[in-house]
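Asker: Please find the sequence and the predicted model below.
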Amino acid sequence: MPASDAQTGPALSSDFRREAFKNEFADNVFFEPTAWDLKLVFGQVDTHLGPNTVVQHTGITLPWSQAKVLLYFLELHVAAHELTNGRMLIPQGLIPELPIPDKEMLDQDPNVMRMYRTLSKVRERFIANNPEAEAPKKK
């Protein structure tokens with residue numbers, strides 16, 4: 001099939017699994033972005049090894065366009081789950097404040113403030129929909 005047909009043709013079937021296919025559980029995801037792609041490193045908290053210890057077990061690298069499509073499908077699945085089961089509560093403190101860029105960062109990259117504002121809007125929208133998740137205010 002020509003590449004142009006693959007991009008505009010019918011959805012791919014996901015029914016085939018190779019012999020080495022395996023399922024893993026992850027309660028932690030670490031993001032490793034590059035200019036070309038995004039690596040998701042999955043792991044599981046293991047308190048037996050110490051507090052806040054994550055044992056990483058699988059890395060999956062996605063091109064940025066696939067990461068954006070993944071975001072879309074994750075939003076669909078979370079919305080459907082919450083419609084069926086009720087809103088999920090997010091534990092307090094999982095969504096920390098964004099660090100405000102300092103003068104050195106601003107001097108190095110003029111886009112830093114624009115990025116900070118955009119990321120702040122994403123965070124604000126998340127907290128508006130999940131107010132229980134906000135980190136306690138520092139005194």
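Answerer: Alright, I've got the coordinates. Residues are numbered from 1 along each chain as shown.

Asker: contacts and neighbour counts: CA atoms only from here.
Answerer: Fine.

Asker: quick one: buried residues of the strand or helix carrying L74?
Answerer: Using DSSP states H and E, L74 sits within helix 64-85. The neighbour-count check on helix 64-85 (16 or more other CA atoms under 10 Å) flags W64, A67 as buried.

Asker: other SSEs contacting it?
Answerer: Packing partners of helix 64-85 (3 or more CA pairs under 8 Å, 6 or more residues apart in numbering; DSSP states H and E): strand 37-45.

Asker: Extract the C-alpha trace of the strand it packs on and format it as CSV.
Answerer: Once non-C-alpha atoms are left out, strand 37-45 reads as follows in CSV (Å, rounded to 0.1, in the frame of the first residue of the first chain):
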residue,chain,number,x,y,z
ASP,A,37,9.4,12.4,19.7
LEU,A,38,8.1,11.7,23.2
LYS,A,39,9.3,8.7,25.3
LEU,A,40,6.9,7.5,28.0
VAL,A,41,8.7,5.5,30.6
PHE,A,42,6.3,3.4,32.7
GLY,A,43,7.0,2.2,36.2
GLN,A,44,5.4,1.1,39.4
VAL,A,45,5.8,2.5,42.9
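
Asker: What residues does V55 make contact with?
Answerer: G43, Q44, V45, D46 (CA atoms under 8 Å, 6 or more residues apart in numbering).
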